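[1] can you look at this prediction? I've put the sequence above it.
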Amino acid sequence: MGYAAKAIANYFLELAAKESEKITPLKIQKLVYIAHGWYLALYEKPLVHDEFAEAWEYGPVFPSIYHEFKHFGGEPIAKPAMDIEYNELSDEWEAWKPHVLGNDKNTRAFLNHIWKLYKGFTGGQLSALTHEEGTPWEKTRNEKGEIRNAHIENQDIEDYYKGRLK
C-alpha cells in the first residue's frame, strides 16, 4: 500500500518525537526519499504514491514536503504536515493530518527499521548519500538537467537501491 509523502513524513516525525529527536526539513526530505527507495527495491512498488521525487538543484525532493516545511528553514520541524480540501457537501474547507494506517503493520515495521538505520544521520549526511555518483538524482540531473525539477523515475530509484542490496 502506498501513501502520500506527507503521511510518511508525519510517521518519521512521530518516531522522532517519541525519542525527543529533532528533524529539520532537509532531514525529513531525505528520510522520506531514502525510505521510498528501499521500499521500491524490496517490494517493487512505491511507498510514496501521490507524487514523484524531483531532481532539484540541491537533491531529490518531494515537492509537497518541501512546501509544507520550508518555513522552518534549517530549524527543527515543530508541527506535522497537514492536507486540506474543499467539501462541496458541507461547503467548507476540511483539514486533516495524513498518516500511515495503524493496522498497516508491514509498512510501520519497515519505516521503524529505516528510522533505526538513519536516525543518527544529519540532514547534510543524508543529502550527501543521495548525491553520490551514480544515484538516481545524479542520473536525472545529467540526463534532464535542462528540465527544471525533472521527475526522478521510480524505476531508476528501484534499480539503484536494488543494486545497493547486493
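    Happy to help now that I have it. Residues are numbered from 1 along each chain as shown.

[2] all the strands of the chain, in order from the start?
    Secondary structure of the chain (DSSP state E): strands located at 54-56, 59-61, 83-87, 92-96, 150-151.

[3] how far is the fourth one from where the chain is centred?
    The chain centre lies 24 Å from the centre of strand 92-96; the measure is Cα atoms, centre = their mean, to the nearest Å.

[4] any idea of the angle that strand forms with strand 83-87?
    Orientation of strand 92-96 against strand 83-87 (axes from the mean of the first three to the mean of the last three Cα atoms, to 10 degrees) gives an angle of 150 degrees.

[5] now do strand 92-96: which elements does it pack against?
    Judged by 3 or more Cβ pairs under 8 Å, 6 or more residues apart in numbering; DSSP states H and E, strand 92-96 is in contact with strand 83-87. Yep, even glycine has a C-beta here, placed from its N, CA and C like the rest.

[6] residues making contact with stretch 102-121?
    With contacts defined as Cβ atoms under 8 Å, 6 or more residues apart in numbering, stretch 102-121 is touched by 1, 3, 8, 11-12, 15-16, 19, 21, 27, 31, 34-35, 38-39, 42, 47, 100-101, 126, 129.

[7] make that stretch 56-64, sorry
    Stretch 56-64 has contacts (Cβ under 8 Å, 6+ apart) with 4-6, 29-30, 32-33, 48, 50-51, 53-54, 81, 127, 130-131, 136-137, 149, 152.

[8] ends of it, how far apart?
    Distance between the two ends of stretch 56-64: 13 Å, counting by Cα to Cα, to the nearest Å.

[9] now that stretch: average pLDDT?
    Across stretch 56-64, the average pLDDT comes to 93.

[10] put the alpha carbons of the longest helix anywhere in the chain into CSV.
    For the chain, the longest helix by residue count, based on DSSP state H, is helix 25-43. Extracted in CSV, the C-alpha atoms of helix 25-43 (Å, rounded to 0.1, in the frame of the first residue of the first chain):
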residue,chain,number,x,y,z
PRO,A,25,13.2,19.9,6.7
LEU,A,26,16.3,18.7,4.9
LYS,A,27,16.4,15.6,7.1
ILE,A,28,12.8,14.7,6.7
GLN,A,29,13.0,15.2,2.9
LYS,A,30,15.9,12.8,2.6
LEU,A,31,14.4,10.2,5.1
VAL,A,32,11.2,10.0,3.0
TYR,A,33,13.2,9.7,-0.2
ILE,A,34,15.6,7.0,1.1
ALA,A,35,12.6,5.1,2.6
HIS,A,36,10.9,5.3,-0.8
GLY,A,37,14.0,3.9,-2.5
TRP,A,38,14.4,1.0,-0.2
TYR,A,39,10.7,0.2,-0.4
LEU,A,40,10.8,0.2,-4.2
ALA,A,41,13.9,-2.2,-4.0
LEU,A,42,12.3,-4.6,-1.5
TYR,A,43,8.7,-4.6,-2.6
